[in-house]
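Asker: sequence first, then the predicted structure:
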Amino acid sequence: MIERFLMNTHYIVLIGVILLLIIGFFGALTKRNLIKILIALGIADTGVNLFFITIGYISGKTAPIFSKNGLTASQMVDPVPQALVLTAIVIGVAVLALGLSIIIRVYEHYGTLNVSRIKRMRG
């Protein structure tokens, strides 16, 4: 029974998705360093992207590229999840860059990246 479970790659990928989400959210909630929090959110973002790719995959179907060999739409996977993930990756990189620039400004202003110290300095 375990061998059949491990043979199905959907379950293995979903376990990876769940682990990435748990690691990402745990890191974002428990860490005090702003850069570590941003990295943890990036890990969770990767888990979400992997989840969308996993649900868009259909076994036995090909990539949505039309060619001369006459593949029909029913023989191809849906390209929408792939396009959404590609867009999400680009947006994730832009948000990461913006977050890092904000973190640099916070460090220049407060002299620390510790969230607890920043709260004490503001209050």
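Answerer: Sure thing, it's come through.

Asker: measure the closest residue to Val80 other than its chain neighbours to Met76 for me?
Answerer: In space, and not counting its chain neighbours, Val80 is closest to Gly56: 7.4 Å by C-beta to C-beta, 6 or more residues apart in numbering. In this view, the C-beta of every residue, glycine as well, is placed from N, C-alpha and C. Distance, Gly56 to Met76, using C-beta to C-beta, to the nearest Å: 11 Å.

Asker: please apply the same query to Ile104.
Answerer: Counting by C-beta to C-beta, the gap from Ile104 to Met76 is 45 Å.

Asker: Ile89: what's it in contact with?
Answerer: Asn49 (C-beta atoms under 8 Å, 6 or more residues apart in numbering).

Asker: buried residues in the strand or helix carrying it?
Answerer: In this assignment (DSSP states H and E), Ile89 forms part of helix 80-110. Residues Pro81, Gln82, Val85, Gly92, Gly99, Ile103 are the ones in helix 80-110 that count as buried (16 or more other C-beta atoms under 10 Å).

Asker: using CSV, list the CA coordinates for stretch 15-35.
Answerer: Output in CSV follows, covering the C-alpha atoms of stretch 15-35 (Å, rounded to 0.1, in the frame of the first residue of the first chain):
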residue,chain,number,x,y,z
ILE,A,15,3.6,16.6,0.5
GLY,A,16,6.3,18.9,-0.7
VAL,A,17,3.8,21.7,-1.1
ILE,A,18,2.5,21.2,2.4
LEU,A,19,6.1,21.2,3.8
LEU,A,20,7.0,24.3,1.9
LEU,A,21,3.9,26.1,3.2
ILE,A,22,4.5,25.0,6.8
ILE,A,23,8.2,26.0,6.7
GLY,A,24,7.4,29.3,5.1
PHE,A,25,4.6,30.3,7.5
PHE,A,26,6.4,29.0,10.5
GLY,A,27,9.5,31.0,9.6
ALA,A,28,7.4,34.1,9.0
LEU,A,29,5.7,33.8,12.3
THR,A,30,8.6,32.8,14.5
LYS,A,31,11.6,34.8,13.2
ARG,A,32,12.4,38.3,14.3
ASN,A,33,14.9,39.3,11.6
LEU,A,34,13.1,41.1,8.7
ILE,A,35,15.3,39.4,6.0
